[in-house]
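Enquirer: Below are the sequence and a predicted model for it; my questions follow.
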Amino acid sequence: MAAHRDDFTYHVGQPTPEQRFLVTVRDPVKRFISAYAWSRDRLAHRGYPDADSLARDLNDEALANVVFHPQVDWLICPERLREPDILWIGHTETLAADFERLRVMLGLDDSHQLPAVGDMKRNAGTYSDELSPLGEANIRDWYAEDIRLLEAIVTTATAS
């Protein structure tokens, strides 16, 4: 987790009190499969030919092969982001609607649009996204904090 926090400082720098952040979160199971696809060449050589093989063997050693940090690390990292630092949270699964809400919030006109879906899906169809029940259960267990966080975000958004 320390390396992840160092990555935050490298990419964002130390947040100042006036900075606000736009954050996008993703369903942990879909995120795991996508992260595997992004690193599959490296992982296949380490004995994980598909996302399910890594998910079925999910443990500290398996995760040492690829950095699948929980999203909660980004959002609740005491020395980095805090809830007041976050201006907007979007969800990958509902990004078009969430972006529209952001566009209105920022007072942007209709010329501000997301890229076409085809431009965003570089890995689409190039890997298997099939998981065994054990693989999916392991991912949900490993990312239980992320799942609770996403449920809380959805609950808060629907209450607003």
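Expert: Received, thanks.

Enquirer: neighbours around residue 43, how many?
Expert: A count of nearby residues for residue 43, using other C-beta atoms under 10 Å, gives 21. From N, CA and C alone the C-beta is placed, and that goes for glycine too.

Enquirer: Test my guess that residue 32 contacts residue 143.
Expert: Yes: if you go by C-beta atoms under 8 Å, residue 32 and residue 143 touch, sitting 7.5 Å apart.

Enquirer: Please say which of the two ends up with more neighbours.
Expert: Per other C-beta under 10 Å, whichever of residue 32 and residue 143 has more neighbours is residue 32, with 27 against 23.

Enquirer: separation between the closest residue to the more buried one other than its chain neighbours and residue 94?
Expert: In this structure, residue 32 finds its nearest non-sequential neighbour in residue 139, 5.0 Å apart by C-beta to C-beta, 6 or more residues apart in numbering. Distance, residue 139 to residue 94, using C-beta to C-beta, to the nearest Å: 20 Å.

Enquirer: Mind checking which of those two has more residues around it?
Expert: Neighbour totals were compared for residue 139 and residue 94, and residue 139 leads with 26 against 13 (other C-beta under 10 Å).

Enquirer: Validate this expectation: the residue nearest to residue 32 resides in a strand.
Expert: No: per DSSP: H, G, I helix; E, B strand; the rest coil, residue 139 lies outside any strand segment and is helix.

Enquirer: so how far is residue 105 from it?
Expert: Distance, residue 139 to residue 105, using C-beta to C-beta: 32 Å.

Enquirer: residues of stretch 23-33 that come out buried?
Expert: If you call a residue buried by 16 or more other C-beta atoms under 10 Å, then stretch 23-33 has these buried ones: 25, 26, 27, 28, 29, 31, 32, 33.

Enquirer: Reformat these as a markdown table; add pLDDT.
Expert: Rendered in a markdown table, the data for the buried residues of stretch 23-33 read as follows (pLDDT from 0 to 100):
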| residue | pLDDT |
| --- | --- |
| 25 | 87 |
| 26 | 89 |
| 27 | 91 |
| 28 | 91 |
| 29 | 92 |
| 31 | 89 |
| 32 | 89 |
| 33 | 89 |
